[in-house]
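Student: Give me a model of this one.
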Amino acid sequence: MLNVGALQEGFVFDHIQAGMGMEIYNNLNLDKLDCCVAIIKNARSNKMGKKDIIKVECPIDMLDLDILGFIDHNITVNIIKGAEIVEKKRLQLPKEIKNIVRCKNPRCITSIEQELDQVFILTNPEKEIYRCKYCEEKFSRKVK
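Tutor: Here you go, the predicted structure:
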């Protein structure tokens, strides 16, 4: 049995689709933080069969949870303070995402002006469709 110690302050990301833990680790830039991170891959789950879990010990204001909502809004976020779960958050699709995906339109201003942020706005929550802020190129999330 694998045992990962309790957190004093931080997050536990639970119900991550199996195999997505490293993508979340990279998109949240956890490698750039000076904190303790535990990634558990392919943990047994009654609900999902297999799942990934990420534990991050850092102050709770250090992470952008919108990125997590975009990657998979079914992830459960447990907020830990004093080694206790103080809040469980259900994620939602963010209304706007910045620098997570790139516009594929070669005529978009972001293709020419490389320093511009890649900004996408949620235009259809039911179908999980985002559009580029500058050229309105459509980006559909691929639900795995």
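Student: and residue 6, which of the three is it?
Tutor: coil (DSSP: H, G, I helix; E, B strand; the rest coil).
Student: That one: what's it in contact with?
Tutor: For residue 6, the contact set (C-beta atoms under 8 Å, 6 or more residues apart in numbering) comprises residue 83. (Glycine included, C-beta is placed from N, CA and C.)
Student: Got the phi and psi for it?
Tutor: Main-chain dihedrals, residue 6, degrees, to the nearest 10: phi -70, psi 150.
Student: Check what pLDDT it gets.
Tutor: For residue 6, the model assigns a pLDDT of 76.
Student: What of residue 54?
Tutor: 93.
Student: That one belongs to a strand?
Tutor: Yes. Assessed with three-state DSSP, residue 54 lies in a strand.
Student: Could you count how many residues lie near the closest residue to it other than its chain neighbours?
Tutor: The shortest distance from residue 54 to any residue other than its chain neighbours is 4.3 Å, reached at residue 13 (C-beta to C-beta, 6 or more residues apart in numbering). Residue 13 sits with 25 neighbouring residues when counted by other C-beta atoms under 10 Å.
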